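In: build me a structure from this.
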Amino acid sequence: MTARWPAFAPALDRAAHHAREWLMSLAERPVHPRAQPDALAAVLGGPLPDGPTPPETVVDELAAGIEPGLMGMPSGRFFGWVIGGTHPAALAADWLTSAWDQNTAMRHSTPGVVAVEDAAAAWALDLLGLPAGADVGFVTGATMANFTGLAAARQQVLADAGWDVGRDGLAGGPRVRVLVGAERHETLDLALRYLGLGTPTAVAADDQGRLVVADLERALAEGSGPTIVCLQAGNLHSGAFDPMAEAIEVAHRHGAWVHVDGAFGLWAAASPRLRRLVAGYERADSWATDAHKTLNVPYDCGLAIVAHPEPLRRALGMHAEYFATFSGSGDPLEKVPELSRRARGVPVWAVLRSLGRSGVEDLVDGLVANARAIADGIATIDGAEILNDVVFTQVCVGFGSDERTRAVTARVLADGVTWMSGSRWQGRDVLRVSVSNWSTDAEDVARSVDAVRRAASTD
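Out: Residues are numbered from 1 along each chain as shown. This next block holds a predicted model:
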């Protein structure tokens, strides 16, 4: 029997109630969780019930049991790791995505959501100034976006060397050199490991974590054969961007494929005031970003963008007969490492449709303005030192010795007003601030700076 509305209504009503309660609580609740997994397991675990439980009861039990263990990640005062909030249009669209329950693999079977993803992809390419003919795959996040772009890169550079990796595998083939900046994000190494390409060769980075082009050119000249160069749009600690135009020119002159990891920084291209940070990056061959970071859509949504559809579809596609043409838009399954997947592009479409060009520009500029305001505020605290040039959304702070920095960080986290990750950068411990949430406002900034001030004054 086809599922009918009365079977869903009570549970969805309770879910909507708990969602409202959660979102309303974010303004004042402590950002940190109040309970850890072992304590929560006693409530959420135990023996599996012998019989059924009404869905609405299950929803109530889930909300009550998990609530003490929730981190206030959607809060405007959460600055941990690089985690965005969720824009209202994107959240509502994501609910619909689950309700529609479409397996977004093929055009003819789910034309509605595929059309939405096509529109979202075209809008993203336009906003980012990337080639209109590029393929866009909607993947789980930046790690798989990097994997996807690098899979296409591996396919092409080996084909250029006369090796068909799809037919013959990697064993016995030419070794693929991969050159990366010394301060690349570790998910690049992870994606390369998944692809069987091993540990990359690191080239020098400067005091802000930017790849040094002269060292890249030296490394390229010292070797030969199939080569991939990975650049970074947005350093995890400093927010700095590799010198795109110069690095890409050098890499292409040596016959390398260029991949750009722009997990959060790619969206600098959507702002006229910040576009200089990525100048020339459109001449790369592939790009990766995480829509749940700067763009503020729910989790499970990254964008893999590849300028050359043929190697991407050869690397990930399933239909051998398609290899002869490589024409048209292609099925979604040919652009991602999955066959079955949810319609991840729907919330991307929703947030882009809601914000429009000027709204995305304001979103990105606002994140940067808040990062600078936090840096300016913390800089007035006795003993605090801003360690990076605040060019984008990242701020690193030291408080003298590593011991004091760790102590201040621990007190900030225990206080609960804000969350700022501890980290280690360029040989010293730091308090790291990542401004990624659309909802952060001047009050959030002021309260968060005051929390750091209190933590720093308790020595």
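In: which ones are touching the closest residue in space to R453 that isn't next to it in sequence?
Out: Spatial nearest neighbour of R453, excluding adjacent residues (Cβ to Cβ, 6 or more residues apart in numbering): I381 at 5.2 Å. Yep, even glycine has a C-beta here, placed from its N, CA and C like the rest. By Cβ atoms under 8 Å, 6 or more residues apart in numbering, the residues touching I381 are 449, 452-453, 456-457.
In: how about 7 Å then?
Out: I381 sits next to 452-453, 456 when contact means Cβ atoms under 7 Å, 6 or more residues apart in numbering.
In: of those, which is the most crowded?
Out: V452 (26 neighbours; other Cβ atoms under 10 Å).
In: verify the contact between that residue and A375 for me.
Out: No. Applying Cβ atoms under 7 Å as the test, V452 and A375 come out as separate, 11.1 Å apart.
In: tell me which element the residue nearest to R453 falls in.
Out: Using DSSP states H and E, I381 is not contained in any helix or strand.
In: tell me how many other residues surround A171.
Out: Other residues within reach of A171, judged by other Cβ under 10 Å, total 6.
In: G196 versus that one, what's the distance?
Out: Computed as Cβ to Cβ, to the nearest Å, the A171 to G196 distance reads 9 Å.
In: one more: V113?
Out: Distance, V113 to G196, by Cβ to Cβ: 33 Å.
In: which residue ranges of this structure form helices?
Out: Remark: helices assigned in the chain by DSSP state H are 5-25, 37-44, 55-66, 88-100, 111-128, 142-160, 165-168, 186-194, 213-222, 244-253, 309-316, 345-379, 402-415, 442-456.
In: flag every buried residue along the first one.
Out: Going back to what we said before, that points to helix 5-25. For helix 5-25, burial by neighbour count (16 or more other Cβ atoms under 10 Å) applies to 11, 14-15, 18.
In: the longest one too?
Out: Across helix 345-379, burial judged by 16+ other Cβ under 10 Å covers 345-352, 355, 359-375, 377-378.
In: for G76, phi and psi?
Out: Note on G76: its backbone torsions stand at phi -70, psi -10 [degrees, to the nearest 10].
In: just give me the neighbour total for it.
Out: Neighbour tally, G76, other Cβ under 10 Å: 23.
In: correct me if wrong: it contacts A442.
Out: No. G76 lies out of contact with A442 (Cβ under 7 Å); the separation is 10.0 Å.
In: residues of the helix or strand of the chain with the lowest mean pLDDT that come out buried?
Out: Here the helix or strand of the chain ranked lowest by mean pLDDT, DSSP states H and E is helix 37-44, holding a mean of 90. Neighbour counts using 16+ other Cβ under 10 Å place L40 of helix 37-44 among the buried residues.
In: may I have that helix as PDB, with CA atoms only?
Out: Output of helix 37-44 as PDB, limited to C-alpha atoms (Å, rounded to 0.1, in the frame of the first residue of the first chain):
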ATOM      1  CA  PRO A  37      28.500   9.900  24.600                       C
ATOM      2  CA  ASP A  38      28.900   7.500  27.600                       C
ATOM      3  CA  ALA A  39      26.200   9.300  29.600                       C
ATOM      4  CA  LEU A  40      23.900   9.600  26.600                       C
ATOM      5  CA  ALA A  41      24.200   5.900  25.700                       C
ATOM      6  CA  ALA A  42      22.300   5.000  28.900                       C
ATOM      7  CA  VAL A  43      19.300   6.900  27.500                       C
ATOM      8  CA  LEU A  44      19.600   6.300  23.800                       C
END
